[in-house]
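1. below is the sequence, then the predicted model.
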Amino acid sequence: MPFGLLKQDSQSQYTLLASAVRSANMDRFIRAFLDRRPNGVIVQLGCGLETAYYRCDNGKTRWYAVDLPHVVKYRRELLPEPERETYLAGDAFAEDWIKQIRADVPDAPILVIAGGLFHYFEESKVVGLLRMLTGVGGIEIVFDTVSKSGMAMMRKKYMKQVGHGDAQMFFYVDSAAKLAGKIGGGVRVLAEEPYYRHIPKSGLKLSTKVSVAVSDRLCMVKMVHFEL
């Protein structure tokens, strides 16, 4: 993270760390997937200005970045499409994007990444998306989420610190196994792990270390990995 960010009064070291850790965790899942599936495809839902392609590309993977039309337009201005990353403008919860990708790569295994996305939608909408993907075949999905207590903390404190205190948040996961049951279709839980488990703690302030430890101990923020 740029050191200058720490001088901003609006955010703490913890809130800045939380944002950076999302990218670090997603990168880890992407690299592990490509190690297992060298011919795999990476799809980023709600891509925004995400730059995982530049960090994790192995020189042969097909990438897709999906977001709303005005976001994709802005992304193209700042990050023109690389050689093997295709930008798709549309609704992440509609089926158009997965139909197009399956037409391009009919048999390739796909890893869908949804970072910082699902919090803002009702559970029924997220479950509907995951059910839709179960019918496609050969798909894994990784997303970050919070528990019910983690959601309460985000609403009360975290979102205000990052300047989005008015944002409405709905979706949380207390149990990945229970969520898989709601989705149905033989969904398998490949991972449900505390958010900060793999992150070095050296150099953090004591208050940040305490927040990280409490979050992981209570699994307030987590990474979930499904095979659909």
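-> Yes, it's here.
2. neighbours of Lys73, just the number please.
-> If you count neighbours by other CB atoms under 10 Å, Lys73 ends up with 12. Glycine gets a C-beta too; all of them are placed from N, C-alpha and C.
3. tell me the secondary structure for it?
-> helix (DSSP: H, G, I helix; E, B strand; the rest coil).
4. what about the closest residue to it other than its chain neighbours, distance to Ala52?
-> Using CB to CB, 6 or more residues apart in numbering and skipping the chain neighbours, the partner closest in space to Lys73 is Ala89 (7.5 Å). To Ala52, Ala89 is 19 Å away according to CB to CB, to the nearest Å.
5. picking that back up, give me phi/psi at the residue nearest to Lys73?
-> For Ala89, the backbone dihedrals (degrees, to the nearest 10) come out as phi -90, psi 120.
6. roughly how far apart are it and Ile183?
-> From Ala89 across to Ile183, the span is 27 Å (CB to CB).
7. cool, and Leu34?
-> Distance from Leu34 to Ile183, by CB to CB: 25 Å.
8. what does Leu79 give?
-> Applying CB to CB to Leu79 and Ile183 gives a distance of 32 Å.
9. cool, Val72 as well?
-> Counting by CB to CB, the gap from Val72 to Ile183 is 28 Å.
10. same question, Ile110
-> Ile110 sits 17 Å away from Ile183, going by CB to CB.
11. then Leu133?
-> If you go by CB to CB, the gap between Leu133 and Ile183 works out to 9 Å.
12. got any residues that touch both of those two?
-> Leu228 (CB atoms under 8 Å, 6 or more residues apart in numbering).
13. quick one on the thing from earlier: specify the beta-bridge partners of the residue nearest to Lys73.
-> Asp67 (DSSP bridges).
14. tell me how far the closest residue to Asp107 other than its chain neighbours lies from Glu227.
-> Nearest residue to Asp107, sequence neighbours excluded (CB to CB, 6+ apart): Gly138, at 7.3 Å. From Gly138 across to Glu227, the span is 9 Å (CB to CB).
15. quick one: distance of stretch 135-146 to the chain centre.
-> 10 Å (CA atoms, centre = their mean, to the nearest Å).
16. buried stuff in that stretch?
-> When burial is assessed from 16 or more other CB atoms under 10 Å, stretch 135-146 yields the following buried residues: Gly138, Ile139, Glu140, Ile141, Val142, Phe143, Asp144, Thr145, Val146.
17. and the two most separated of those?
-> Gly138 and Val146 (28.4 Å; CB to CB).
18. ok, back up a step: need the contact list for the residue nearest to Asp107.
-> Residues in contact with Gly138 (CB under 8 Å, 6+ apart) are Asp107, Ala108, Pro109, Ile110.
19. surely Pro38 meets Gly59?
-> No: Pro38 is beyond contact range of Gly59, at 10.4 Å (criterion: CB atoms under 8 Å).
20. which of those two has more neighbours?
-> Under the neighbour definition other CB under 10 Å, Pro38 and Gly59 were set side by side, and Pro38 has more, 11 against 6.
21. secondary structure element for that one?
-> Using DSSP states H and E, Pro38 sits in no helix or strand.
22. state the mean pLDDT of stretch 85-97.
-> Stretch 85-97 shows a mean pLDDT of 96.
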